[in-house]
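In: Make a model of this:
(chains A and B)
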Amino acid sequence: DGGITQSPKYLFRKEGQNVTLSCEQNLNHDAMYWYRQDPGQGLRLIYYSQIVNDFQKGDIAEGYSVSREKKESFPLTVTSAQKNPTAFYLCASSGTGGGLPLHFGNGTRLTVT
Amino acid sequence: DAKTTQPPSMDCAEGRAANLPCNHSTISGNEYVYWYRQIHSQGPQYIIHGLKNNETNEMASLIITEDRKSSTLILPHATLRDTAVYYCIVRGAGNQGGKLIFGQGTELSVKP
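Out: Numbering: from 1, shown residues only, chains lettered A, B, ... in the order given. Below you'll find the model as predicted:
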């Protein structure tokens, strides 16, 4: 089945540690995105990539980093510089034609203590 | 991207049609209307989208007013599994298209 896989579903880290969240898609989509969702709130864009080896900052990129070395993979690193890293992280992908919808993975819930 | 306004919550009886409204009065000509839904602790699920014309798929129908300032998502025969938060989003095509602006959405409760 084609889709987006995020792993792990739950992740626990100590404060001060960097952590990398995985996102893989087999939909042959050019564009990939990372969003953060906090309780009772909508999604906020962290980073997005329209093509391999290129990515752009979203609205809340501070404290995060990404890479896009392969079309199917877009890992997100939450660094120790991110002041409030505990959140639900969602990865999405889409084609780059006008009007094409984003398709989301099932998320990774990160808890930092 | 244009902002959307939705009622915070709605109830619907099982088997009846659920009509979820959305206002997007500042929508521009090249912006599409998308609907997603999210069940707790899962990723948003794409439902349907449209530009000008009404659209229908196996999940729902989307009715867009002629002036495009509002739309309605219709779930024709709601089931208990349709209980979720429904998001109406306006998104332009192009390089900034990934910048989906999710509001608070409508929490739909389907009751037996």
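In: Pull the residues that contact the worst-scoring helix or strand of chain A on mean pLDDT.
Out: Using mean pLDDT, DSSP states H and E, the weakest-scoring helix or strand in chain A turns out to be strand A:43-51, at a mean of 91. Strand A:43-51 has contacts (CB atoms under 8 Å, 6 or more residues apart in numbering or on different chains) with A:30-37, A:55-61, A:64, A:66, A:68, A:74, A:76, A:89-90, A:96, B:44, B:95, B:98-100, B:102. No exception for glycine: its C-beta is placed from N, CA and C like everyone else's.
In: Quick check on those: which are buried?
Out: In the contacts of strand A:43-51, burial by neighbour count holds for A:30-37, A:55-56, A:58, A:61, A:64, A:66, A:68, A:74, A:76, A:89-90, B:44, B:98-100, B:102, counting by 16 or more other CB atoms under 10 Å in any protein chain shown.
In: next structured bit after the lowest-mean-pLDDT helix or strand in chain B?
Out: Across the helices and strands of chain B, mean confidence by mean pLDDT, DSSP H and E is lowest for strand B:84-92: a mean of 90. Per DSSP states H and E, strand B:84-92 leads on to strand B:106-111 as the next helix or strand towards the C-terminus.
In: what sits up against that following strand?
Out: B:6-14, B:18, B:20, B:37, B:78-86, B:88.
In: elements contacting the helix or strand that the least confident helix or strand of chain A is followed by?
Out: Once the chain leaves strand A:43-51, the next helix or strand it forms, by DSSP H and E, is strand A:54-57. Strand A:54-57 sits against strand A:43-51, with contacts defined as 3 or more CB pairs under 8 Å, 6 or more residues apart in numbering or on different chains; DSSP states H and E.
In: What are the buried residues along the strand it packs on?
Out: Those would be A:43-50, for strand A:43-51 by 16+ other CB under 10 Å.
In: now stretch A:97-106
Out: A:99-106.
In: what's the answer for stretch B:103-112, then?
Out: Neighbour-count burial for stretch B:103-112, counted by 16+ other CB under 10 Å, picks out B:103-108, B:110.
In: which of these lies closest to residue B:33?
Out: Closest approach to residue B:33 among the buried residues of stretch B:103-112 (CB to CB): residue B:103, at 13.0 Å.
In: Thank you, goodbye.
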